[in-house]
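Visitor: next one to model:
(chains A, B, C and D)
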There are 4 protein chains.
Amino acid sequence: MKLPIAMLKLPNLFAQNYRIYYEDTDAGGIVYHPNYLKFFERARTEFLRSKDIVQSELVRLNNLLFVVRKIEIEYLSSARLDETIIATVKSIEFRRSSIIMTQEILKDDKVISTLQIVLVAISNISFTPIKIPKTITSKFN
Amino acid sequence: MKLPIAMLKLPNLFAQNYRIYYEDTDAGGIVYHPNYLKFFERARTEFLRSKDIVQSELVRLNNLLFVVRKIEIEYLSSARLDETIIATVKSIEFRRSSIIMTQEILKDDKVISTLQIVLVAISNISFTPIKIPKTITSKFN
Amino acid sequence: MKLPIAMLKLPNLFAQNYRIYYEDTDAGGIVYHPNYLKFFERARTEFLRSKDIVQSELVRLNNLLFVVRKIEIEYLSSARLDETIIATVKSIEFRRSSIIMTQEILKDDKVISTLQIVLVAISNISFTPIKIPKTITSKFN
Amino acid sequence: MKLPIAMLKLPNLFAQNYRIYYEDTDAGGIVYHPNYLKFFERARTEFLRSKDIVQSELVRLNNLLFVVRKIEIEYLSSARLDETIIATVKSIEFRRSSIIMTQEILKDDKVISTLQIVLVAISNISFTPIKIPKTITSKFN
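Guide: Numbering: from 1, shown residues only, chains lettered A, B, ... in the order given. So this is what the prediction gives:
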């Protein structure tokens, strides 16, 4: 596998720092693989918040809940206790009822994980897909 | 610290087996300390279920939610990947709006953790304490 | 335990039951999306154990650690508190240093999540890929 | 960041802000009770780091591992998705081989959880208690 050497030159939409605590690790001495998804989600949440999109308000005001539909994640290297990582949002793309985002986790300027995630907007009453309102998509023009 | 040597003679109300997986451990090579609370909760949940008390039904039918008010937990020894542990319920005591339970986790017949927990019955609408209905307490006579 | 009839017709290598506890859920009222990976891992671990392959022994005796290299996961439906799910292993394929497995989670005979995972065998000393020993692969002939 | 005024009057040794994400919550809509221990641990870790005490270095350089021996935790109120909390370290006391710390979690200037924790310094080789070195205790004079 080739590491994306040009990555740092790419225009990351958003980046956030995290320290690795015991809670993140497992007996292999490294970050437990599902926990990467927590760092990715924290970064997505703060990215959306930076655009004034707050998920608990979407539920309360719009009955709109974003649920995960699909994830592809690659683990290229590991991270250990007390190290720091950076979780980014690299791209976001809107469909009628879904959002596709790409993200990376970096350690020491090296990509250690890549993610592609598909989120679907559903009604938190009917639990069926709904159109993403323009009040959301317009914030990304 | 003295280990409760007589423990195995005590009448445990309930006991449940669990395997230690990577998800339970941390970089110290042992079960991550907050995760003991998950094993204790699983055992409590199955103990209550053995008495036909199902928490999601209490919420739906009685608007009753049990929340944790206080925990005292001792860590006497550790558990490692692939080991098996037993989580027990040793005692249960009812007050007007609260339940006090004692529990233990054992490995190889040795107590590795003890718990005392106070749960409070609250309304999931007002979020204030409510009386525990007799339909619950009567199951323990 | 009765396995769902539809599933018994499928060529599942392995299946395991789990109850959904509070630890598995999030404020959306459903299982938190990274936690599906925990159920999948528990089922993989027990499947390998059913073949006398125990990961902590591989580390201790062979300095062999399996790490996750890539995951594709689809979320087709959700699961809620107190429901039961079945996590399966559907297929396993060996490469020189890696294992590819497919898995499913079912609820009420319906697939609610599918997984494809690539695990790589590494030395827990050099942290570089190593050949999977025949003592492992021979158990699947 | 502005610290709550009431808190600044308190003799907190250390305070740290956290946002509540989906990972922290459960189907009750509030922070899952064992997850309070994660916020408390993050704050302890950063507090020790502010004194140049880094746990992974203690293991590597001194074979010293701090393990949790006892916890008393009270849950006075809850926290919800997207809210922010403050985790503090209020006091620290040294014994020969153990540390006793008190901590609080606050939301909107109100204490929502209190913790007393006993940590024991053990050898990560023999797993038996060892004297806490003066290089650590001297940093708190």
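Visitor: is chain D contacted by the biggest helix by length in chain A?
Guide: What stands out as the longest helix in chain A, according to DSSP state H, is helix A:35-50. Yes. Contact of helix A:35-50 with chain D (C-beta under 8 Å from any C-beta of the partner chain) involves A:38, A:41-42, A:45-46. No exception for glycine: its C-beta is placed from N, CA and C like everyone else's.
Visitor: between that helix and helix C:36-50, how many degrees?
Guide: If you take axes from the mean of the first three to the mean of the last three C-alpha atoms, to 10 degrees, helix A:35-50 sits at 170 degrees to helix C:36-50.
Visitor: chain center to the very next helix or strand once past helix A:35-50: distance?
Guide: Using DSSP states H and E, the helix or strand that follows helix A:35-50 in sequence is helix A:55-62. Offset of helix A:55-62 from its chain centre (C-alpha atoms, centre = their mean, to the nearest Å): 19 Å.
Visitor: got the buried residues for helix A:55-62?
Guide: Neighbour counts over helix A:55-62 (16 or more other C-beta atoms under 10 Å in any protein chain shown) mark A:55-56, A:58-59, A:62 as buried.
Visitor: how about JSON lines for those, with distance to D:Val31 added?
Guide: Output for those, formatted as JSON lines (distance: C-beta to C-beta, whole Å):
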{"residue": "A:Gln55", "distance to D:Val31": "16"}
{"residue": "A:Ser56", "distance to D:Val31": "13"}
{"residue": "A:Leu58", "distance to D:Val31": "20"}
{"residue": "A:Val59", "distance to D:Val31": "17"}
{"residue": "A:Asn62", "distance to D:Val31": "24"}
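Visitor: chain D: which of those is nearest?
Guide: For the buried residues of helix A:55-62, the residue nearest chain D by C-beta to the nearest C-beta is A:Ser56; the value is 4.3 Å.
Visitor: out of the buried residues of helix A:55-62, which are close to chain D?
Guide: Restricting the buried residues of helix A:55-62 to those near chain D by C-beta under 8 Å from any C-beta leaves A:55-56.
Visitor: before we move on, the earlier item: ok, of the residues of helix A:35-50 next to chain D, which come out buried?
Guide: Burial by neighbour count, 16+ other C-beta under 10 Å: within these this picks out A:38, A:41-42, A:45-46.
Visitor: out of those residues, flag the one nearest to A:Leu13.
Guide: Using C-beta to C-beta, A:Glu46 is the member of these that lies nearest A:Leu13, at 11.2 Å.
Visitor: the closest one is in contact with A:Asn17, isn't it?
Guide: No. If you go by C-beta atoms under 8 Å, A:Glu46 and A:Asn17 don't touch, sitting 10.9 Å apart.
Visitor: related to what we said a few turns ago, CSV for the residues of helix A:35-50 next to chain D, including distance to A:Ile100 and pLDDT?
Guide: As requested, the residues of helix A:35-50 next to chain D are arranged in CSV below (distance: C-beta to C-beta, whole Å; pLDDT from 0 to 100):
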residue, distance to A:Ile100, pLDDT
A:Lys38, 20, 98
A:Glu41, 15, 98
A:Arg42, 19, 98
A:Thr45, 17, 97
A:Glu46, 19, 97
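Visitor: and which of the residues you listed is nearest chain B?
Guide: Set against chain B, the nearest of the residues of helix A:35-50 next to chain D by C-beta to the nearest C-beta is A:Lys38 (12.6 Å).
Visitor: didn't the closest one look like it was pressed against C:Pro34?
Guide: Yes. Assessed by C-beta under 8 Å, A:Lys38 is found in contact with C:Pro34 at 6.2 Å.
Visitor: shared neighbours, those two?
Guide: When C-beta atoms under 8 Å, 6 or more residues apart in numbering or on different chains defines a contact, the residues bordering A:Lys38 and C:Pro34 alike are D:Glu23.
Visitor: for chain A, what spans make up the strands?
Guide: For chain A, the strands defined by DSSP state E cover A:14-19, A:64-75, A:84-94, A:98-107, A:110-123.
Visitor: closest to B:Ile73 out of these?
Guide: Nearest of the strands of chain A (C-beta to C-beta): strand A:14-19, 25.3 Å.
Visitor: which residues touch the closest one?
Guide: A:39, A:42-43, A:46-47, A:50, A:82-89, D:42, D:45-46.
Visitor: one more time with 7 Å, if that's ok
Guide: Applying C-beta atoms under 7 Å, 6 or more residues apart in numbering or on different chains, the contact partners of strand A:14-19 are A:39, A:42-43, A:46-47, A:50, A:82, A:84-89.
Visitor: same check on stretch A:52-72?
Guide: The contact list for stretch A:52-72 (C-beta under 7 Å, 6+ apart) reads A:45, A:98, A:115-125, A:130, A:133, A:136, A:139, C:28, C:33, C:72-75, D:81-82.
Visitor: just the buried ones among these, please.
Guide: A:45, A:98, A:115-122, A:124, A:130, A:136, C:28, C:33, C:72-75, D:81-82.
Visitor: what distance separates stretch A:106-123 from the centre of its chain?
Guide: The answer for stretch A:106-123 is 4 Å, by C-alpha atoms, centre = their mean.
Visitor: ignore what I typed, I meant stretch A:124-141.
Guide: Averaging C-alpha positions (C-alpha atoms, centre = their mean) puts stretch A:124-141 18 Å from its chain's average.
Visitor: and for stretch A:105-117?
Guide: The chain centre lies 11 Å from the centre of stretch A:105-117; the measure is C-alpha atoms, centre = their mean.
Visitor: close to chain C, is that stretch?
Guide: No. Judged by C-beta under 7 Å from any C-beta of the partner chain, stretch A:105-117 and chain C are separated, with a smallest distance of 9.3 Å.
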